[in-house]
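Chemist: My questions concern the predicted model and sequence given below.
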Amino acid sequence: RRSLPPPTRMSALALPTTLSPRAASFIIPHIALKQALLPIVVVVVLCVLAAVPLSPSISAQDPVVPDDPASPDFKKQSKLKKALGLQRRVFTSVALGAVVSAWIFSGTWAFALVLGWVGSRGLLEYYQLAQASQDCRPAKKCGVATVAILMATACGHAYGLPFAYTDCVLPLAYISILAYLITLKRTEKATIADVQTTFMGIFYVGYLPSFWVRLRALGAIPASDVYAMMFTSKSSLLSAAPLWLNPDIFTQGAIVTWWTMISIAASDVGAYFTGKNFGKTKLSEATGITISPNKTVEGFLGGVALSCVFIITGARLMNWPLWWLTGPIYGLMISSLGLLGDLTVSLFKRDAGVKDTGNVLPGHGGLLDRVDSYLLTAMPVYYFVKFISQWVKV
């Protein structure tokens, strides 16, 4: 009588035996890695070089503009004040460009840690907006803990943790928090508003952005390979790069993430300047959307155009299949989702009766005000990239 073979563990739940980054199926052909990385290096260097001469504008004292427009110094001082304000905005933009680029290429765990902090702060801002608009008491601590677990498990996939563990976080959190809200002894009973506010925040500010971590973790590239591609001479410090660099500091997903985020930023810039200078047709007149009355159709189209310029360039450098088609589709998708994210936060603020979602960034409002274009974009971007990767030729 033959004995039955020992039962095998389900592959979907098998835990990794080692904690080392794994190289996923290529989403960028190996021959295109250098040409996709080189513009990123150039942009970071240019951002740093531009930020240095502009840095004194941050501490410079604002020119005093006379109250009387007829004063001989009125026009001169007004121009100086506008010029100083422009220098500060440019400095902030280029400094953020360098910082965000460094963050994207800081390793999967560092990327997830910062994104988790942003998500937690954004979640608290959302709960504050919800409480200002209706009578509800969301489970804030449970929400923050769930966001942290979502980011950690999404990050763990880079080290072989199956997606089954990531995908179970949201339903398990739902059951646990629901039980917590129902059984907790409060002065008042839990309401539908408590439940829906708690989980809307987790889904909107935690689960959806966690796909940025999943995307960034795709396809680890050994530091030695990047060094061999980017440098021909062997200097003493750089020759040791494979030894002291984080093993997952370079990933194919990080390259895609950088090109995607800069394209979203370009969409915002293009929409602002196009709408300001050429905007005539209100978005509310063309679509019936009245949430943000200052937005125009021309501004949206300008944002789509500039976004497509950046992402088509990236798609060509990354050797995406049918880059001349997938690039514009990708650009239109992220611009539309960015606008939808902007309108969503505007809806929340209008309902709560506030101008900004918070005051974490002095003069710039809250974190949700700054990252609204990136919240709804992550999941469609991840699946789009995974879809086209099936036709990538290594």
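Modeler: Ah, there it is. Numbering: from 1, shown residues only.
Chemist: Just give the number of residues close to the residue nearest to K280 when sequence neighbours are not counted.
Modeler: In this structure, K280 finds its nearest non-sequential neighbour in E298, 6.3 Å apart by CB to CB, 6 or more residues apart in numbering. C-beta coordinates here come from the backbone N, C-alpha and C atoms, glycine included. If you count neighbours by other CB atoms under 10 Å, E298 ends up with 19.
Chemist: if I look at E298, how far off is I329?
Modeler: To I329, E298 is 22 Å away according to CB to CB, to the nearest Å.
Chemist: Could you do K140 as well?
Modeler: Distance from K140 to I329, by CB to CB: 39 Å.
Chemist: for V65, same thing?
Modeler: When distance is defined by CB to CB, V65 is 48 Å away from I329.
Chemist: More neighbours: which of the two?
Modeler: Just comparing V65 and I329: by other CB under 10 Å the higher neighbour count belongs to V65, 18 against 15.
Chemist: doesn't V297 make contact with L283?
Modeler: Yes - taking CB atoms under 8 Å as the definition, L283 is a contact partner of V297 at 5.9 Å.
Chemist: okay, and the common contacts of those two?
Modeler: Common contacts of L283 and V297 (CB atoms under 8 Å, 6 or more residues apart in numbering): none found.
Chemist: between the two, who's got more neighbours?
Modeler: L283 (23 against 17).
Chemist: OK, contacts around that one?
Modeler: For L283, the contact set (CB under 8 Å, 6+ apart) comprises 289, 292, 295-297, 299-300.
Chemist: go with 7 Å
Modeler: 289, 295-297, 300 (CB atoms under 7 Å, 6 or more residues apart in numbering).
Chemist: now swap in T296 and tell me
Modeler: 275, 279-283.
Chemist: Spit out the contact partners of the closest residue in space to it that isn't next to it in sequence.
Modeler: Sequence neighbours aside, G279 is the residue nearest to T296 in space, at 3.3 Å (criterion: CB to CB, 6+ apart). Neighbouring residues of G279 by CB under 7 Å, 6+ apart: 296, 298-299.
Chemist: Closest one of the residues you listed to I255?
Modeler: G299 (29.2 Å; CB to CB).
Chemist: a strand runs through that closest one, doesn't it?
Modeler: No - read with DSSP: H, G, I helix; E, B strand; the rest coil, G299 is helix and lies in no strand.
Chemist: now it: how far from Y180?
Modeler: Counting by CB to CB, the gap from G299 to Y180 is 44 Å.
Chemist: repeat for P53
Modeler: 54 Å.
Chemist: which of the two has more neighbours?
Modeler: Shown here are P53 and Y180; by other CB under 10 Å, Y180 has more neighbours (14 against 10).
Chemist: Export only the CA atoms of the host helix or strand of that one, formatted as CSV.
Modeler: According to DSSP states H and E, Y180 maps onto helix 169-183. What follows is helix 169-183, C-alpha atoms only, in CSV (Å, rounded to 0.1, in the frame of the first residue of the first chain):
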residue,chain,number,x,y,z
VAL,A,169,-5.7,43.5,5.8
LEU,A,170,-8.7,45.6,4.7
PRO,A,171,-11.5,43.0,5.3
LEU,A,172,-9.9,41.9,8.6
ALA,A,173,-9.7,45.5,9.7
TYR,A,174,-13.3,46.0,8.7
ILE,A,175,-14.4,43.1,10.9
SER,A,176,-12.2,44.1,13.8
ILE,A,177,-13.0,47.8,13.8
LEU,A,178,-16.7,47.1,13.4
ALA,A,179,-16.6,44.8,16.4
TYR,A,180,-14.7,47.5,18.3
LEU,A,181,-17.2,50.2,17.5
ILE,A,182,-20.2,48.0,18.4
THR,A,183,-18.8,46.6,21.7
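Chemist: That one: which residues count as buried?
Modeler: 169-170, 173-174, 177-178, 181 (16 or more other CB atoms under 10 Å).
Chemist: quick one: contacts for V304?
Modeler: 267, 331-332, 335.
Chemist: between these, which is nearest A220?
Modeler: G331 (27.0 Å).
Chemist: Distance-wise, check the closest one relative to C308.
Modeler: With distances taken as CB to CB, G331 is found 4 Å from C308.
Chemist: low-scoring pLDDT stretches of the stretch 251-394 of the chain, where are they?
Modeler: Where the stretch 251-394 of the chain drops to pLDDT under 70, the residues are 360-365, 392-394.
Chemist: now the strands for it?
Modeler: Under the criterion DSSP state E, counting those that start in this stretch, the stretch 251-394 of the chain contains no strands.
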